[in-house]
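*Asks:* got a structure for you, letters missing:
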């Protein structure tokens, strides 16, 4: 089986409904683990967003002041094209959002955040500052 056919077979096995799309990745429901989503790196322009996001998670997952604000990652494929992340509950218009977030969270927009276990988490942090400043800063949604 060629690499393209293998990728397509894995994609079809893992990826269900399309949930969202950004500049570098498309997010799908995970068919085999409903508690996860699959982030698929766009083939045309590879910026290794999955790899950078996984690196940030791996470097900081035991640092509570940072990890509490991040959506956990479960798996990264060997070449980084596929990333499996915890599935979160979308923000509703009626939800009250904090007026301060840690300074290391740089791309502040509603679509980059959702709820996991009752707390607000960032689910798109590939371009986060490598040495996080956890000091709270005022933000506007």
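*Replies:* Cool, got the structure. This one's a predicted model, so the numbers in the text were calculated from it and none came from an experiment.
*Asks:* ok but residue 85 is inside a helix, no?
*Replies:* No. Counting by DSSP: H, G, I helix; E, B strand; the rest coil, residue 85 is not part of a helix but strand.
*Asks:* now do the contacts for residue 102.
*Replies:* Residues counted as contacts of residue 102 (Cβ atoms under 8 Å, 6 or more residues apart in numbering) are 65-66, 69, 132-137. Where C-beta positions appear, they are placed from N, C-alpha and C, glycine not excepted.
*Asks:* show the buried residues in those residues.
*Replies:* 66, 69, 132 (16 or more other Cβ atoms under 10 Å).
*Asks:* might one say that the last one is in contact with residue 57?
*Replies:* No. Residue 132 lies out of contact with residue 57 (Cβ atoms under 8 Å); the separation is 11.8 Å.
*Asks:* okay if I get the contacts of residue 102 as TSV plus secondary structure?
*Replies:* Formatted as TSV, the contacts of residue 102 follow (three-state DSSP):
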residue	secondary structure
65	helix
66	helix
69	coil
132	coil
133	coil
134	coil
135	coil
136	strand
137	strand
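*Asks:* quick check, nearest of those residues to residue 34?
*Replies:* residue 69 (23.9 Å; Cβ to Cβ).
*Asks:* dihedrals phi and psi, the closest one?
*Replies:* The phi/psi pair for residue 69 (degrees, to the nearest 10) reads phi -100, psi 0.
*Asks:* which residues touch it?
*Replies:* Per Cβ under 8 Å, 6+ apart, neighbours of residue 69: 101-102, 105, 120-122.
*Asks:* per-residue pLDDT, it?
*Replies:* Here the pLDDT value assigned to residue 69 is 96.
*Asks:* so how far is residue 134 from it?
*Replies:* 9 Å (Cβ to Cβ, to the nearest Å).
*Asks:* ok, residue 65 next?
*Replies:* For residue 65, the distance to residue 134 - Cβ to Cβ - is 4 Å.
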